[in-house]
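Q: got a sequence here, can you build the structure:
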Amino acid sequence: MHRLRTIGVAGYLLLLYGFIFLPVVTLVLFSFQEGRFPIPPFNGPSLKWYQAVFSDNKLTSALFNSLMVALISSLVSCLLGFLAAYGFARYRLPGAAPIKAAITAPLTVSYLIIGFGLLVTFNMIGVSRSLLTVGIGHVVINTPLCFAIIYASMGDHQLNIERAARDLGANDWQVMLRVTAPMLLPSIIAAYFLSVTFSWDEFIIAFLLSRFDVTLPVEIWSLLRSGLNPKTNAVGSVVFLISVVIVLLLEFIIFRRGAPRDRKS
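A: Numbering: from 1, shown residues only. Predicted coordinates:
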C-alpha cells in the first residue's frame, strides 16, 4: 500500500511538472531549430535565430527598455513601499486601516482596469505615452507588493534596537536609514527582485501606456502578429533565461544568506 502511494505521488508530481515545464522546454528546444518553422521534426541545433534576435535593433532596444523600466520602477516601488511600511508600523496614523486597504487595493484589481485608468488620467493631464508612463504604471502595481512584503517583516522585536539607537542620540531619519533599513534588508531585496520580475514581463500596462519606445513583451506581441517562427522562440527563451537569473540571484542573495544563521540558531 505504501509503495502504491509512493508511485501515485511520483506520477502526480511528474504530470504536474510536465504540465508546467513542457511548454517552456518546447519553446527553448525549437528556438534552436535550423529551419524557419518551429514544428517537428527538430532540425538543428543552430544559434542563427539568437544571432538574428541580437542583431535586430528593435528587439535589442526593447530589451534595454524593459530592463531600465524594471530596474528603475522597482527601485521607486521599494522606496515608497518601505516608507509606507515604516510609517504604519512605527506611528499611530488616523484612518490607518482604510489607508492600508487603499495602498494594497491594486493587488486585487485587474491590470487591464489599472492600465485603462492610467491611460485616461494621462490623457486628461496632457502627458504623452512613453516609457515614463509605463514606469509609473509599474510603480502603481508594484508598490503594494513591496509594502506588503516589507510591512510583514516589521515586528515589535526591532523596537528595542531602535529605542537604543535613539538613546544614543540618533534622530528619526538616522534610525530609519541606519538601523531599520539594514535590519529589513533581506525583505527589501526580496521585494525589489519580485518587482523586477513582475515589471520585466508585464504586457497589458506596457502596451496601453507606451507609444514609440516599447518594452520587450510589446515587441514580442508585434512579432507574433506575423505568426510563430524560431525567432520568437529565441526571444521568449531570452526572457525566460533572464527571469531564471533573477530568481537565482534572489535565492543566493537572500535565502542562502539567512540559512547559516537559521542552522546556527
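Q: alpha carbons only for contacts and neighbour counts from here, please
A: Fine.
Q: would you map the helices across the protein?
A: For the chain, the helices defined by DSSP state H cover 2-30, 48-54, 57-90, 96-104, 111-125, 131-152, 159-167, 172-175, 181-183, 185-200, 204-209, 216-224, 230-250, 256-264.
Q: and residue 41, which of those helices is closest to it?
A: helix 2-30 (9.7 Å; C-alpha to C-alpha).
Q: mind listing what's buried along the closest one?
A: Neighbour-count burial for helix 2-30, counted by 16 or more other C-alpha atoms under 10 Å, picks out 27, 28, 29, 30.
Q: next, the angle helix 230-250 makes with that helix.
A: With axes from the mean of the first three to the mean of the last three C-alpha atoms, to 10 degrees as the basis, helix 2-30 and helix 230-250 are set at 130 degrees to each other.
Q: okay, now the unreliable bits of the stretch 101-250 of the chain?
A: Under the criterion pLDDT under 70, the flagged ranges of the stretch 101-250 of the chain are 227-229, 250.
Q: change it to 90
A: Across the stretch 101-250 of the chain, the ranges flagged by pLDDT under 90 are 101-111, 126-130, 151-190, 193-194, 196-203, 210-250.
Q: got the helices of the chain as TSV, with distance to residue 36 columns?
A: Below are these laid out as TSV (distance: least, C-alpha to C-alpha, whole Å):
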stretch	distance to residue 36
helix 2-30	10
helix 48-54	9
helix 57-90	18
helix 96-104	46
helix 111-125	34
helix 131-152	33
helix 159-167	62
helix 172-175	59
helix 181-183	52
helix 185-200	28
helix 204-209	28
helix 216-224	14
helix 230-250	6
helix 256-264	43
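Q: how far away from the center of its chain is stretch 11-21?
A: Put simply, stretch 11-21 sits 25 Å off its chain's centre (C-alpha atoms, centre = their mean, to the nearest Å).
Q: what sits up against that stretch?
A: Residues from elsewhere that reach stretch 11-21 (C-alpha atoms under 8 Å, 6 or more residues apart in numbering): none.
Q: what mean pLDDT does that stretch have?
A: The predicted model gives stretch 11-21 an average pLDDT of 84.
Q: send me that stretch as CSV with only the CA atoms.
A: Backbone C-alpha positions of stretch 11-21 (Å, rounded to 0.1, in the frame of the first residue of the first chain) are rendered in CSV as follows:
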residue,chain,number,x,y,z
GLY,A,11,3.3,10.0,-11.0
TYR,A,12,1.2,13.0,-9.9
LEU,A,13,4.4,15.2,-9.5
LEU,A,14,5.7,14.0,-12.9
LEU,A,15,2.4,15.1,-14.5
LEU,A,16,2.3,18.3,-12.6
TYR,A,17,5.9,19.4,-13.5
GLY,A,18,5.4,18.1,-17.1
PHE,A,19,2.3,20.3,-17.4
ILE,A,20,4.2,23.3,-16.0
PHE,A,21,7.5,23.0,-17.8
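Q: identify the residues contacting stretch 109-124?
A: With C-alpha under 8 Å, 6+ apart as the test, stretch 109-124 has contacts from 106, 128, 129, 137, 141, 204, 205, 208, 209.
Q: my read is that the first one contacts residue 140, right?
A: Pointing back at residue 106 there. Yes - Residue 106 lies in contact with residue 140 (C-alpha atoms under 8 Å); the separation is 7.4 Å.
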